[in-house]
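>>> The sequence isn't on hand, but the structure is:
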């Protein structure tokens, strides 16, 4: 199982809801968590054969910039 962590900057509650919808819609993601982090949020995702680029593009499509922090 792959683990990826992303940082997203401070966003509105509406955008946060959209992030949750995107994470639920991506079939490769089996589990995800969002937690407050420094100046925004830490998004942790778990799944099989996760594609970092696809996750980043999906978030960008709803106007949320994310940065990959690391992979476990």
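Everything's here; your move. Being a predicted model, the structure only gives us computed values, none of them experimental.

>>> Give me the residue at the spatial middle of this protein.
Here the mean C-alpha position of the chain is nearest to the C-alpha of residue 43 (C-alpha atoms, centre = their mean), at a distance of 4.7 Å.

>>> strands paired with the helix or strand hosting that residue, and their directions?
Using DSSP states H and E, the element containing residue 43 is strand 40-47. Strand 40-47 has the following sheet partners, assigned by DSSP bridges: strand 2-9 (antiparallel), strand 29-37 (antiparallel).

>>> Name the residues of the last one that are buried.
Think strand 29-37. 29, 32, 34, 37 (16 or more other C-beta atoms under 10 Å). From N, CA and C alone the C-beta is placed, and that goes for glycine too.

>>> Check whether the residue nearest to the centre of the chain really touches residue 23, as I assumed.
Yes. With contacts counted by C-beta atoms under 8 Å, residue 43 reaches residue 23, the gap being 7.5 Å.

>>> picking up where we left off before, return the distance of the strand holding residue 43 from the chain's centre.
Put simply, strand 40-47 sits 5 Å off its chain's centre (C-alpha atoms, centre = their mean, to the nearest Å).

>>> hang on, the earlier thing: find the residues that touch each one of residue 43 and residue 23.
Shared contacts of residue 43 and residue 23 (C-beta atoms under 8 Å, 6 or more residues apart in numbering): residue 32.

>>> thinking again about what came up before, which of the buried residues of strand 29-37 lies closest to residue 1?
residue 29 (10.8 Å; C-beta to C-beta).

>>> Brilliant, that's me finished.
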